[in-house]
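> Sequence isn't available, so here's the structure alone:
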């Protein structure tokens, strides 16, 4: 679909799983021009990782592998809660001269969540900052 926004999601833990389930449901229900093209989760046997794999979405155990997908990914949501992962992703994007892909931190995910699930709190702390 032209104009489709390709999204990758890093971290399918407590917050990540809650966020990705909601995002995926809204994409499906609303026919949005958004596609989840990859996810990264340290535990490929987690229920969320298995669900994405069953739906044909590539599941990586190393978040840096997603960066190697290059400009086919428009947005990377970092839901890991690990500042060093975010910095590694930034560094790798820069090394690959990928100025297309946007790395979105958890604080933006919280903002988006407030529109997706009005009145429902994300389960767990969300780090602010870039």
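Received it, and whenever you're ready, just let me know what you need. Values in this document were obtained by computation on a predicted structure and should not be read as measured data.
> Sketch out the low-pLDDT regions of the chain for me.
1-2, 118-130 (pLDDT under 70).
> Identify the residue nearest the geometric centre of it.
Nearest to the mean C-alpha position of the chain, counting by CA atoms, centre = their mean, stands residue 9 at 1.8 Å.
> How about the secondary structure of that one?
Following DSSP: H, G, I helix; E, B strand; the rest coil, we place residue 9 in the strand state.
> okay but it is in contact with residue 73, surely?
No. Counting by CB atoms under 8 Å, residue 9 sits too far from residue 73 to count as a contact (10.3 Å). Every C-beta, even on glycine, is put in place using the N, C-alpha and C of the backbone.
> May I have the residues that are in contact with the residue nearest to the centre of the chain?
16, 19, 20, 23, 36, 38, 39, 40, 76, 77, 79 (CB atoms under 8 Å, 6 or more residues apart in numbering).
> same question, residue 26
32, 116.
> That one falls within a helix, correct?
Yes. Under three-state DSSP, residue 26 falls within a helix.
> For it, give its distance to residue 85.
In this view, residue 26 and residue 85 are 25 Å apart by CB to CB, to the nearest Å.
> same question, residue 4
26 Å.
> which one of the two has more residues nearby?
Ranked by neighbour count (other CB atoms under 10 Å), residue 4 and residue 85 place residue 85 first, with 18 against 12.
> who are the neighbours in contact with the more buried one?
Per CB under 8 Å, 6+ apart, neighbours of residue 85: 10, 11, 63, 78.
> Give the PyMOL command for selecting the buried subset of these.
Only the buried entries of those go into this PyMOL selection, using 16 or more other CB atoms under 10 Å:
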select buried, resi 10+11+63+78
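> can you list the contacts of residue 85 in a markdown table and add distance to residue 52?
What follows is the contacts of residue 85, written out as a markdown table (distance: CB to CB, whole Å):
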| residue | distance to residue 52 |
| --- | --- |
| 10 | 12 |
| 11 | 12 |
| 63 | 14 |
| 78 | 17 |
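> closest to residue 47 among the contacts of residue 85?
residue 11 (14.3 Å; CB to CB).
> Check whether the closest one really touches residue 43, as I assumed.
No. Between residue 11 and residue 43 no contact is recorded; they are 10.7 Å apart, counting by CB under 8 Å.
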